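Peer 1: The sequence isn't on hand, but the structure is:
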C-alpha cells in the first residue's frame with residue numbers, strides 16, 4: 001500500500017496534511033505577495049495605472065488559471081501511481097511531466113496570440129479608451145509570464161506529490177525579493193535603472209518568473225529526490241497519450257477554474273461600467289481577499305495529494321480522513337481571516353494607496369465597503385476550493401465543473417449583475433453576487449463528497 005497506509009488516525013492525518021500543506025501554503029502566500037507588491041507600488045502611480053493594470057491582470061489571470069487547471073491534473077495522476085506502487089511509478093511520473101510541459105508550451109503559444117490584442121478585447125468589453133490603451137500596453141509585456149508561471153505550477157505539483165514542497169518555497173521567496181527590487185527600480189528609476197512607470201512592473205514580473213522557473217527546473221534536474229526519475233530526459237519527445245490523459249482530467253478542472261476566475265474577471269469589467277473609482281477599489285479589496293484565499297488554496301494542493309495517495313491505495317477509510325481533515329483546517333483558518341477583515345478593513349485597504357493622491361479617499365471608502373462583504377464569504381471560499389480538491393483526488397472533475405457553471409455563472413455572475421444594475425446596489429451588488437455564488441458551489445461540492453461512496457466515486461477494497 002502507498003503512503004496513505006502509514007496514517008491510521010484522524011489526528012495523524014491532520015499532522016500529515018499540515019506537514020505537506022505548510023510549505024505549499026507559504027508558497028502560495030509568497031506567490032500572491034509578488035502580485036501584492038506590484039499592486040502596492042503601482043498604486044503609488046495613481047488610480048488610472050492601478051485600474052488599468054487590474055484590468056490587464058484580470059484578463060491574464062483568467063487564462064492563466066485555466067492553464068493551471070491543466071497543469072494541476074498531473075498531481076492526482078502522479079499521486080495515484082505512487083499510491084499503487086511507489087517503486088514502479090517512475091515511468092508514469094516522467095511521461096506525465098513531459099505531457100505537462102508540452103501542454104504548457106502549446107497553451108501559452110495560443111494565448112500569446114490572443115493577449116497581444118488585449119486593448120481591443122478591453123474596448124470590446126466596454127472599457128474607457130484611456131483604461132484600455134494603458135491596460136493593453138501593460139498586458140503586452142505581462143503576457144510573457146504565462147509560460148514560466150505554468151511550468152512553475154507543474155514543477156511545484158511534481159515536488160509536492162513526491163513529498164518535497166520545500167524547495168519551491170525557497171525559490172518563490174527569492175522570486176518575491178527579485179520582483180520587489182525590480183518593481184522599485186524599474187517603476188521609479190532606482191538602482192541606476194530607467195524609470196519606466198507602469199511597464200517597469202510588467203518587466204520585473206517577466207524577469208522574476210523566468211528566474212524562478214530556471215532555478216526550480218535546475219533543482220528538479222539535479223536533486224537526489226528527482227534525479228533518478230529523469231524528468232527532463234526526452235522532455236520534447238511527443239507524448240500524445242499522456243497529454244490526452246492529462247487533458248481528460250485537466251480540461252474539466254480548467255473549465256471549473258475558468259468559471260470561478262471569470263466571475264472575478266467579469267466583476268472588474270462590471271466595475272468599469274460604473275467608474276474608475278469602483279475598479280480601483282475592487283482591485284484593492286480583491287487583492288486582500290486573494291491573500292487569505294492562498295491558505296486554503298495551498299491546503300487544497302496537499303488535499304489532492306493526500307486523497308490521491310489513498311485513492312491509489314484503494315483505502316476508503318484513508319480517503320475520508322484525508323478529505324475531512326483538510327476541510328477542517330480550511331474552515332479554522334478562514335474563520336480567523338473573516339474576523340480579521342471584518343475588524344480592520346480600513347487599515348488593510350490603506351496599505352494599497354497613497355493618501356496624498358487625488359481621489360484616494362473615495363477609493364479607500366469604497367474598498368472598505370467591499371471588504372465588509374468579502375469578510376462574509378471567507379468560509380464559503382475556503383470550503384469550495386478544498387471541496388473541489390477532495391473530489392479531484394478521486395479523479396472526479398466533470399460534475400464539479402457543472403457545479404461551477406451553476407454557482408459561479410448563473411448565481412454569482414447573474415445575481416451580481418442584477419443586484420448591481422437592476423437593484424441599484426452598484427459595486428456592492430457585484431460583491432454580494434460573488435459571495436452568493438461561492439456559497440452555492442461550496443454546498444454542492446461538500447454534498448457530493450459526503451455522498452462519494454453511494455455515487456461510486458471511491459474504489460472497492462484491494
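Peer 2: Yep, that arrived. The structure displayed is predicted, hence computed values, not measured ones. Numbers count the residues shown, from 1 in each chain.
Peer 1: use CA for all of it now, contacts and neighbours both
Peer 2: Noted.
Peer 1: What segments of the protein are strands?
Peer 2: Counting by DSSP state E, no segments of the chain form strands.
Peer 1: Show me where it dips below the pLDDT cut-off.
Peer 2: Scanning the chain for pLDDT under 70 picks out 1-7, 86-88, 355, 358, 460-462.
Peer 1: Let me see the contact set for the closest residue to residue 65 other than its chain neighbours.
Peer 2: Nearest non-adjacent residue to residue 65, counting by Cα to Cα, 6 or more residues apart in numbering: residue 257, 6.1 Å away. Residue 257 makes contact with 65-66, 69, according to Cα atoms under 8 Å, 6 or more residues apart in numbering.
Peer 1: ChimeraX command to pick out the buried ones of those residues?
Peer 2: In ChimeraX syntax, the buried subset of the contacts of residue 257 is picked out as below (16 or more other Cα atoms under 10 Å):
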select :65,66,69
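Peer 1: about what we covered before: how close does the residue nearest to residue 65 get to residue 113?
Peer 2: Distance, residue 257 to residue 113, using Cα to Cα, to the nearest Å: 22 Å.
Peer 1: Same question for residue 81.
Peer 2: Following Cα to Cα, the distance that separates residue 81 from residue 113 is 36 Å.
Peer 1: neighbour count winner among these two?
Peer 2: residue 81 (24 against 11; other Cα atoms under 10 Å).
Peer 1: The more buried one - nearest residue in space that isn't next to it in sequence?
Peer 2: Leaving aside its sequence neighbours, residue 81 sits nearest to residue 89 (Cα to Cα, 6+ apart; 5.6 Å).
Peer 1: Now for that neighbour: which residues touch it?
Peer 2: Residues in contact with residue 89, defined by Cα under 8 Å, 6+ apart, are 78, 81-82.
Peer 1: Next, the nearest residue to residue 459 once chain neighbours are set aside: phi, psi?
Peer 2: With sequence-adjacent residues excluded and distances taken as Cα to Cα, 6+ apart, residue 459 is closest to residue 314, at 5.6 Å. Backbone torsions for residue 314, taken as degrees, to the nearest 10, come to phi 60, psi 40.
Peer 1: how much space between the residue nearest the centre of the chain and residue 153?
Peer 2: Residue closest to the mean C-alpha point of the chain, counted by Cα atoms, centre = their mean, is residue 65 at 6.1 Å. The gap separating residue 65 from residue 153 is 10 Å, by Cα to Cα.
Peer 1: is it true that residue 425 touches residue 415?
Peer 2: No - look at residue 425 against residue 415 with Cα atoms under 8 Å: they stay out of range, at 11.4 Å.
Peer 1: picking that back up, in contact with the residue nearest to the centre of the chain, which residues?
Peer 2: Each residue near residue 65 by Cα under 8 Å, 6+ apart is listed here: 254, 257-258, 261.
Peer 1: How about residue 240?
Peer 2: Contact analysis of residue 240 by Cα under 8 Å, 6+ apart lists residue 99.
Peer 1: And residue 296, by the same measure?
Peer 2: Taking Cα under 8 Å, 6+ apart, we find residue 296 in contact with 25, 330, 334, 382, 385-386.
Peer 1: Including neighbour count and distance to residue 352, could those residues go into CSV?
Peer 2: CSV is the format used below for the contacts of residue 296 (neighbours: other Cα atoms under 10 Å; distance: Cα to Cα, whole Å):
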residue, neighbour count, distance to residue 352
25, 24, 23
330, 26, 27
334, 23, 22
382, 29, 24
385, 25, 26
386, 31, 29
